[in-house]
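Asks: Model the following, please.
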Amino acid sequence: MKYVDDLFIDVRRGNREALAQGRWPGKPKLGYRRDYATMRLVADEQRFPLIQELWQRALSGIRPAELLCIAREQLHLTTLITGKVGGKLINKAALYRMMRDPFYAGLMPFHGTTYQGTHPQAVTLDEFERVQQLIDRHVRPITRSKRLWFTYRGLVVCGRCHAAVTAKHTPNRH
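Replies: Numbers count the residues shown, from 1 in each chain. Presented below is the predicted three-dimensional model:
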């Protein structure tokens, strides 16, 4: 158990040191690959120009749904193959995640703290902010259903199986 605790501390220390030096400690993001000689992220020759083109098209005011069509049909942007996973066309969630990620502007948010990266930028910080404003104009806010609060919810458990007893609101049918 002590080994696991020490390993956890060592990994976190290594991640902090890498981030302080401007290196991304995690898996490379779409459009980047790791140079194992320097352990830094470099531009993926195949995908990085496509990513930059997507950002430029987003700056010209193209809607996110149209960007997805362009990325899939014209640019044939695929995910990175790692083992048995990847190599498929980019999906809607990955495109939105990429367009919202300040990593592509040279910043590295990691566990609530933002670090300056040394990786190549796909866009400048000003262009990133402009794309955020354009996306906000085209994206509808998600309406979440109202969560009902019940007084003893989560406090009562079954005596036999110890599963939580919950409650739900049912409309009167009569």
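Asks: Quick check, pLDDT for Ala164.
Replies: The per-residue pLDDT reported for Ala164 equals 85.
Asks: quick one: contacts for the spatially closest residue to Leu125 that is not a sequence neighbour?
Replies: Nearest non-adjacent residue to Leu125, counting by CB to CB, 6 or more residues apart in numbering: Ala105, 4.8 Å away. All C-beta spots, glycine's among them, are computed from the backbone N, C-alpha and C. Residues near Ala105 by CB atoms under 8 Å, 6 or more residues apart in numbering: 121-125, 127-128.
Asks: now Ala105: how far from Arg130?
Replies: Note on Ala105: its distance to Arg130, by CB to CB, to the nearest Å, is 11 Å.
Asks: In the chain, what residue spans correspond to strands?
Replies: In the chain, strands defined by DSSP state E lie at 32-35, 40-43, 107-110, 113-116, listed in chain order.
Asks: Now mean pLDDT too, for the ones you listed, in JSON lines please.
Replies: Listed next are the strands of the chain as JSON lines, based on pLDDT from 0 to 100:
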{"stretch": "strand 32-35", "mean pLDDT": "93"}
{"stretch": "strand 40-43", "mean pLDDT": "93"}
{"stretch": "strand 107-110", "mean pLDDT": "93"}
{"stretch": "strand 113-116", "mean pLDDT": "93"}
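Asks: Which among the ones you listed is found nearest to Gly26?
Replies: strand 107-110 (8.0 Å; CB to CB).
Asks: Dump the closest one to CSV, restricted to CA.
Replies: Taking Å, rounded to 0.1, in the frame of the first residue of the first chain, the C-alpha atoms of strand 107-110 are listed here in CSV:
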residue,chain,number,x,y,z
LEU,A,107,-2.4,27.4,-22.8
MET,A,108,-2.5,24.2,-20.8
PRO,A,109,-5.4,23.9,-18.2
PHE,A,110,-4.6,21.1,-15.8
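Asks: tell me, what residue is most central in the chain?
Replies: Geometric centre of the chain, nearest residue: Arg97, 4.6 Å, by CA atoms, centre = their mean.
Asks: and the residue nearest to Ile90 when sequence neighbours are not counted, how many neighbours does it have?
Replies: Excluding the flanking residues, the one nearest Ile90 by CB to CB, 6+ apart is Leu77, at 4.8 Å. For Leu77, the neighbour count with other CB atoms under 10 Å is 23.
Asks: try Ile81
Replies: Around Ile81 there are 10 residues (other CB under 10 Å).
Asks: Quick check: it vs Gln46, distance?
Replies: On the measure of CB to CB, Ile81 and Gln46 end up 11 Å apart.
Asks: repeat for Arg100
Replies: Per CB to CB, Arg100 is found 23 Å from Gln46.
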